[in-house]
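Visitor: Model the following, please.
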Amino acid sequence: MPIRRVGRPGLIGLAARTAVVAGTAQAVQGGVARNQQRRSQAAYEQQQYEAAQQQAQIDAAAQQAAQQVPPAAPAPAAPAPAPAAPAAGGTDLVAQLQQLATLMQQGVLSPDEYAAAKAKLLA
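Guide: Numbering: from 1, shown residues only. Reported below is the predicted structural model:
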């Protein structure tokens, strides 16, 4: 029968206890850091979503205001600026589509929301 030591733990027992305490502290610290990062990421995504919603409202108001403005009387010089206007609008359209795609990739917009916003822009 082996002789059992009574009293303080030996060197191996002390090292094992220290390792358990250190491992527990590291696990708790990692969990806290992950939770903080998750909360800050959620806040950032919420801000991006609200900014996208605000931009959509501004765009809708601008379109509505543009539709309410009565068209000017046709002039002989009107055909020349007409091709330039769609080109400038096309550039904005491409930028807006890229912005929507970026928001979808970041997870701010769902694929359904992206499809609806894209259809609205292209209409």
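Visitor: Just give the number of residues close to Leu100.
Guide: 21 (other CB atoms under 10 Å). The C-beta positions use only the backbone N, C-alpha and C, and glycine is treated the same way.
Visitor: now the helices: where do they sit in this structure?
Guide: Here the chain has its helices, by DSSP state H, at 11-68, 81-106, 111-122.
Visitor: how about the last one: buried residues?
Guide: So the one you mean is helix 111-122. 114, 117-118 (16 or more other CB atoms under 10 Å).
Visitor: for the residues you listed, which one is nearest Ala51?
Guide: Using CB to CB, Ala117 comes nearest to Ala51 of these, at 13.7 Å.
Visitor: Quickly note the distance from the nearest residue to the closest one once chain neighbours are set aside to Gln54.
Guide: Among residues not flanking Ala117 along the chain, Leu100 sits closest, at 5.3 Å (CB to CB, 6 or more residues apart in numbering). Distance, Leu100 to Gln54, by CB to CB, to the nearest Å: 14 Å.
Visitor: Report pLDDT for Val69.
Guide: pLDDT for Val69: 65.
Visitor: actually Ala80, not the one I wrote
Guide: For Ala80, the pLDDT comes out at 45.
Visitor: got any ranges where the chain has weak pLDDT?
Guide: 1, 4-6, 69-91 (pLDDT under 70).
Visitor: give me the number of residues near Ala95?
Guide: Residues near Ala95, counting by other CB under 10 Å: 10.
Visitor: now Ala56
Guide: Ala56 has 15 neighbours, counted by other CB under 10 Å.
Visitor: for it, what are its contacts?
Guide: When contacts are counted by CB atoms under 8 Å, 6 or more residues apart in numbering, Ala56 touches Ala117.
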